[in-house]
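Asker: requesting a structural model of the entry that follows:
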Amino acid sequence: ALGGHVEQGAVALVALSDWRPDAGGTCVVRGSHRWVREKLRGGPVPHAALNRWAIDEVAARRADGSLRLAHEAGGGGVIEQLVAKAGDVVLMHPWTVHSGTTNLGAAPRLMANGMVRVTSEALARPNYAFLERPAGACDEEAFARGAADNDASRAGGGASDHAAGDDALCAAAPP
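Answerer: Take a look at the predicted model:
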């Protein structure tokens, strides 16, 4: 269950190829981390339930006109698709509602993603220099467990919690 913590960190997306607007880029709902914060004030929520809630919340806000795609006219919140050049890095709050989009291009969109963990000790550093850290080995065991869980989920015909309903959140802008 997710309940929030100061050491939550940030989601890091590393573009390994160019992300054009029509090529399956990640879309984000600007400011949606505040919605999630409000949802979690009621207590911890299982990850799958939070994903379902986020999908429903986006659909409801789209239906009432308070949320729009970036290419649509109007006010309210905006769903925007990230574009990047290979080598760019995007850092975002881990509670930001985000999703993949359909790749309408001919080339695959390549990306590496993970979490940048911010610790209490790092927050105590002068100027919050929390991205400074000595180089060291990653937790290979945790990485392997996560990969195995993801593979098992896909082999069983299901999707990981993170991917559930990704296409329901947003769509690429028309050409």
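
Asker: every contact and neighbour count from this point should use C-alpha atoms.
Answerer: Will do.

Asker: is the nearest residue to Val89 once chain neighbours are set aside in a bridge, and if so with what?
Answerer: Nearest non-adjacent residue to Val89, counting by Cα to Cα, 6 or more residues apart in numbering: Val14, 4.5 Å away. Beta-bridge pairing for Val14 (DSSP bridges): Val89, Ala112.

Asker: can you pull the contacts of Val14?
Answerer: Contacts for Val14 (Cα atoms under 8 Å, 6 or more residues apart in numbering) come out as 86-90, 111-113.

Asker: what's the answer for Ala106, then?
Answerer: Per Cα under 8 Å, 6+ apart, neighbours of Ala106: Ala23.

Asker: where's it relative to Pro46, distance?
Answerer: Note on Ala106: its distance to Pro46, by Cα to Cα, to the nearest Å, is 37 Å.

Asker: quick one, which of the contacts of Val14 are buried?
Answerer: 89, 111 (16 or more other Cα atoms under 10 Å).

Asker: from the contacts of Val14, pick the one nearest Arg61.
Answerer: The closest of those to Arg61 turns out to be Val90 (Cα to Cα; 25.3 Å).

Asker: find the nearest non-adjacent residue to the closest one, please.
Answerer: Nearest one to Val90, counting by Cα to Cα, 6+ apart, is Leu13 at 5.0 Å.

Asker: circling back to that earlier point, show me which of the contacts of Val14 is closest to Asp64.
Answerer: Nearest to Asp64 among the contacts of Val14 is Val90, at 29.8 Å by Cα to Cα.
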